[in-house]
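Peer 1: What would the 3D arrangement of this be:
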Amino acid sequence: MYIVECSDKSYYTGVTNNLERRIWEHNNDDNALSYTCKRRPVVLKYCQRFQDITQAIAWEKQLKGWSRKKKEALFKEDWEEIKKLAKSKQNNNMD
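Peer 2: Next comes the predicted model:
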């Protein structure tokens with residue numbers, strides 16, 4: 001499971017069984033319909049390895065729902081900031 005930052009500063013989250021090949025594809029593949037094609041180059045910001053693909057997909061889905069600030073805290077492994085941002089979101093949802 002990985003997150004790359006695109007040249008337009010957006011993030012793309014995905015799952016692969018070969019990270020080096022997948023990053024190469026994001027930067028070199030000719031699929032004009034892919035999200036990253038017009039946003040090159042991409043730079044790896046985060047990766048997490050899993051033995052079980054279902055766990056990788058579950059983590060990917062969870063991270064796709066995170067805010068930009070929360071993802072950036074993850075890149076820094078700032079777990080206190082992640083907790084703070086999670087609590088902030090919970091409080092906003094109670095309004």
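Peer 1: make it CA atoms for all contacts and neighbour counts henceforth
Peer 2: Noted.
Peer 1: For the lowest-mean-pLDDT helix or strand in the chain, name the packing helices and strands.
Peer 2: Every helix and strand of the chain was ranked by mean pLDDT, DSSP states H and E. The lowest is helix 79-94, at a mean of 81. In terms of contacts (3 or more Cα pairs under 8 Å, 6 or more residues apart in numbering; DSSP states H and E), helix 79-94 is packed against helix 68-75.
Peer 1: The helix it packs on to helix 79-94, inter-axis angle?
Peer 2: Interaxial angle, helix 68-75 versus helix 79-94 (axes from the mean of the first three to the mean of the last three Cα atoms, to 10 degrees): 160 degrees.
Peer 1: in the protein, which spans are strands?
Peer 2: Secondary structure of the chain (DSSP state E): strands located at 2-5, 11-14, 43-47.
Peer 1: Kindly report the domain assignment for this protein.
Peer 2: The chain breaks down into these domains under automatic domain parsing: 1-64, 67-95.
Peer 1: buried sites along the least confident helix or strand of the chain?
Peer 2: The neighbour-count check on helix 79-94 (16 or more other Cα atoms under 10 Å) flags 81, 82, 85 as buried.
Peer 1: wait, what's in contact with residue 50?
Peer 2: Counting by Cα atoms under 8 Å, 6 or more residues apart in numbering, residue 50 touches 1, 56.
Peer 1: Please tell me how far it sits from residue 27.
Peer 2: 24 Å (Cα to Cα, to the nearest Å).
Peer 1: do residue 33 as well
Peer 2: From residue 33 across to residue 27, the span is 13 Å (Cα to Cα).
Peer 1: Looking at those two, which has the bigger crowd around it?
Peer 2: Looking at residue 33 and residue 27 with other Cα atoms under 10 Å, you find the greater number of neighbours at residue 27, namely 18 against 8.
Peer 1: Now do the contacts for the more buried one.
Peer 2: 36, 37, 40, 41, 42.
Peer 1: Turn the buried ones among those residues into a named PyMOL selection, would you?
Peer 2: For the buried members of the contacts of residue 27, the matching PyMOL selection, counting by 16+ other Cα under 10 Å, is:
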select buried, resi 36+37+41+42
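Peer 1: Nice, that's everything, thank you.
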